[in-house]
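Student: What shape does this take:
(chains A and B)
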Amino acid sequence: MTPDFLGLDPKSVLLLGPLLAGTLSVLFQRAAAVIGLVGMGVGLFGAVGLAVTLMEHGPMATQLAGWAPPLGIQLYADGLAVFMILMTAWIGAAVGLFTVGSWGITTSDQDTGAHVRARTYFWPLWMLLLAGLNALYLATDIFNLFVTLEIVGLTAVGLTALAGTRQSLQAALRYLIIGLVGSLMILLGVDYLYTAYGRVDLGSIQSADTSITATLALLIMLAGLAIKAAIFPLHFWMPDAHSSATVPASAILSALVVKAALYMAMRLWLAFAPPTDFLPILFGVMGAGAIFFGSFQALRTRRLKMLVAYSTVAQVGLVTLVFAATGTIEAASVWRGAVFLMLAHAIAKAAMFLAAGRLIEEMGHDRISSLRRLPAGGKPAAFAFVIAAISLVGLPPSGGFVGKWLLLDGMIAGEIWIWVSVVLISTVLSASYMLRVIGRLLRRSVLPSERQDGSANWRLGDGVALGLALVALVLGFGSYLPLNLIEIGAPFPTFTAAEPAVTYGADGADL
Amino acid sequence: MTTDLIYAFAGIGLIGIGLYRLAVSSSALWQLVAVNVISVGVGSIMIASAYRGPSVPADPVPQAFVLTGIVVLVATTAAALCIVRRIDEMNDDHDT
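Tutor: Presented below is the predicted three-dimensional model:
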């Protein structure tokens, strides 16, 4: 068993808490928001507890019901997994607060049918999604990764469709169908791996030799994951889905769900990437394509949420570049940079979607061109949007800056100049499309009616968006904390160590 | 040697047909059927991979994978059909 935290097993809390909350919030729909908030608090408690026990005891493996792999299912928490769980829990809690702020704790009688539906079913879907994400980060065998990714995918489709508009339903349908193709690819890859090794747990596959079948399996699974993580050119379903969902759902989808697929791709890659040049170059080209295409689309779109969604395409491409840098001498720095970029992007993108949601709420539409005529109520959200943009562009001292710095540091040491230039160009491009919004917000023309009343009314949603944005901004100062955390259990390869850095289950003595 | 290869190549063929149809059709129902064809192809390949020789029983683990895949597919298809129906209802409301 995992060491206790305040008398509870953090892993059980992380998995069962949100699951229970999700089920209860279906049963008691009137109290859905309260149950959801409690579920998120429980998830936060579990995440912090797991991090504390990880710091004290090192990586922890739990064999479910005492069955060891390959027969049983193992939950394994190392630094990287706990890092992702903590990120999910905190951002999820912030988004939950925003949701309560904009939709209220209880449904009132004046609300129309579609609104009530969105408000009540948001919580069960989000709780199940949270349980799926936590399970995905703790899973160590490929088949469990597939199953948990399926839970995440289906609930994410539900969240997309929740808005109830025709646009969001069509986006959700496309997401579902394309995502299903991705799932089938991953399932096929799981089967190939099983045929090659006779096992599905990552630990044993890692120590085995890489064969042609394993390379093929990796390729198929990465293709499936590229669909799920919206890596160019398989991103085409994503901007519609992320921009047409309700505001909290957009934030969750863009900040957290995409990261889950990226995390799984990273785990697979770290476990058994073949020592060829072909795959790194392929993923480098895909990442560069994502950066250029995403930025181009973000530059020409007319809708605010679409711009934010296309910025996710570009940022995912930036993280994808990590695969291009594997095999170089400073690969560990590049990996740390990519993981840190995921955190920085998750926080800043959640803040940006929430701020964009508040802006749209104040304006009544989401045309970028009319941002100059923003009513006074939109001031705090505009402020939050600008600060989140600073982190996404990667100006110091933001988290995005530290992530890009680590990425560049490793790439320069590895002397892969072409990817260095791509990262630098991505900064210029993201600055230029963010300036489309920021410039209009800064050169706001004052409406005649607001001259007397200069102070803005703050809503809870503004506070949440601004808080997240400020965290993203000062993340650079505290970057040693998450960076130390992800080192626990040494998930990343170092140049000196030729043997695999992680041995899953080697510390399974705590049975 | 031959029997499982036939299944595997048939599976690859089905995946190809499904992917083609998914790419060229814009109707949601067609796309859904195409994905189901792909899944049959994937299932055939997986079942073929369980084959271990004429006198040895097949490996049960890939078959368990296929079962999980079927469960996922049924649930997803049902969800997709619900969304298709909702979109259709919206179109009807719009027309009248």
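Student: could you pull out the helices for chain B?
Tutor: B:2-24, B:28-49, B:60-95 (DSSP state H).
Student: In the longest one, which residues are buried?
Tutor: So the one you mean is helix B:60-95. B:61-62, B:65-66, B:68-69, B:72-73, B:76-77, B:79-80, B:83-84, B:86-87 (16 or more other CB atoms under 10 Å in any protein chain shown). For every residue, glycine as well, the C-beta is placed using N, CA and C.
Student: what angle sits between that helix and helix B:28-49?
Tutor: With axes from the mean of the first three to the mean of the last three CA atoms, to 10 degrees defining the directions, helix B:60-95 sits at 180 degrees from helix B:28-49.
Student: which secondary structure elements does helix B:60-95 contact?
Tutor: Contact partners of helix B:60-95 among helices and strands, from 3 or more CB pairs under 8 Å, 6 or more residues apart in numbering or on different chains; DSSP states H and E: helix A:142-161, helix A:166-197, helix B:28-49.
Student: any chance of these in CSV, plus mean neighbour count, mean pLDDT and distance to residue A:351?
Tutor: Compiled in CSV, the helices and strands packed on helix B:60-95 are given as follows (neighbours: other CB atoms under 10 Å in any protein chain shown; pLDDT from 0 to 100; distance: least, CB to CB, whole Å):
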stretch, mean neighbour count, mean pLDDT, distance to residue A:351
helix A:142-161, 24, 90, 18
helix A:166-197, 24, 89, 22
helix B:28-49, 21, 90, 34
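Student: of the ones you listed, which approaches residue A:395 most closely?
Tutor: Nearest of the helices and strands packed on helix B:60-95 to residue A:395, taken as CB to CB: helix A:142-161 at 30.8 Å.
Student: got the angle for that closest one vs helix B:60-95?
Tutor: Helix A:142-161 and helix B:60-95 are oriented at 10 degrees to each other (the same axes, to 10 degrees).
Student: List every C-alpha atom in helix A:142-161, with coordinates, as CSV.
Tutor: Extracted in CSV, the C-alpha atoms of helix A:142-161 (Å, rounded to 0.1, in the frame of the first residue of the first chain):
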residue,chain,number,x,y,z
ILE,A,142,-0.5,0.3,-21.9
PHE,A,143,-3.9,-1.3,-21.8
ASN,A,144,-5.0,0.7,-18.7
LEU,A,145,-3.6,3.8,-20.4
PHE,A,146,-5.9,3.0,-23.3
VAL,A,147,-9.0,2.5,-21.1
THR,A,148,-8.4,5.6,-19.0
LEU,A,149,-7.8,7.7,-22.2
GLU,A,150,-11.2,6.3,-23.4
ILE,A,151,-12.9,7.6,-20.2
VAL,A,152,-11.2,10.9,-20.7
GLY,A,153,-12.2,11.1,-24.4
LEU,A,154,-15.9,10.2,-23.9
THR,A,155,-16.4,12.6,-21.0
ALA,A,156,-14.5,15.3,-23.0
VAL,A,157,-17.0,14.8,-25.9
GLY,A,158,-19.8,15.2,-23.4
LEU,A,159,-18.4,18.4,-22.1
THR,A,160,-18.1,19.7,-25.7
ALA,A,161,-21.7,18.9,-26.5
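Student: does chain B sit close to that helix?
Tutor: Yes: with CB under 8 Å from any CB of the partner chain as the measure, helix A:142-161 is seen reaching chain B through A:143, A:147, A:150, A:154, A:157, A:158, A:161.
Student: Quick check: the gap between the last one and residue A:169.
Tutor: Using CB to CB, to the nearest Å, one gets 6 Å for the distance from residue A:161 to residue A:169.
Student: for the fourth one, same thing?
Tutor: Relative to residue A:169, residue A:154 is positioned 15 Å away (CB to CB).
Student: Nearest residue to residue B:35 in space, please, no chain neighbours.
Tutor: residue A:180 (5.2 Å; CB to CB, 6 or more residues apart in numbering or on different chains).
Student: quick one, what contacts that neighbour?
Tutor: Counting by CB atoms under 8 Å, 6 or more residues apart in numbering or on different chains, residue A:180 touches B:35, B:39, B:73, B:76, B:80.
Student: Give me the nearest residue to residue A:31, chain neighbours excluded.
Tutor: residue A:25 (7.4 Å).
Student: Revised request: answer the last question for residue A:28.
Tutor: Closest to residue A:28 by CB to CB, 6+ apart is residue A:35, at 6.5 Å.
Student: My guess is the one you found contacts residue A:18. True?
Tutor: No: under the criterion of CB atoms under 8 Å, residue A:35 makes no contact with residue A:18, lying 10.5 Å away.
Student: Tell me which of those two has more neighbours.
Tutor: Set residue A:35 next to residue A:18 and count neighbours by other CB atoms under 10 Å in any protein chain shown: residue A:18 wins out with 28 against 23.
Student: Packing partners of the helix or strand hosting that one?
Tutor: For residue A:18, the host element (DSSP states H and E) is helix A:10-27. In terms of contacts (3+ CB pairs under 8 Å, 6+ apart), helix A:10-27 is packed against helix A:32-57, helix A:113-138.
Student: mind listing what residue A:224 touches?
Tutor: Per CB under 8 Å, 6+ apart, neighbours of residue A:224: A:181, A:182, A:183, A:184, A:185, A:186, A:189.
Student: Equivalent analysis for residue A:145, please.
Tutor: If you count contacts by CB under 8 Å, 6+ apart, then residue A:145 has A:136, A:139, A:264, A:267 around it.
Student: try 10 Å this time
Tutor: A:135-137, A:139, A:186, A:190, A:200, A:202, A:221, A:225, A:260, A:263-264, A:267-268 (CB atoms under 10 Å, 6 or more residues apart in numbering or on different chains).
Student: Return only those of these found close to chain B.
Tutor: A:190, A:200 (CB under 10 Å from any CB of the partner chain).
Student: which residues of the chain score low on pLDDT?
Tutor: I went with chain A, as the question did not name one. A:1-7, A:105-115, A:205-210, A:274-275, A:327-330, A:444-458, A:490-491, A:493-511 (pLDDT under 70).
Student: To clarify, I was referring to chain B.
Tutor: B:1, B:94-96.
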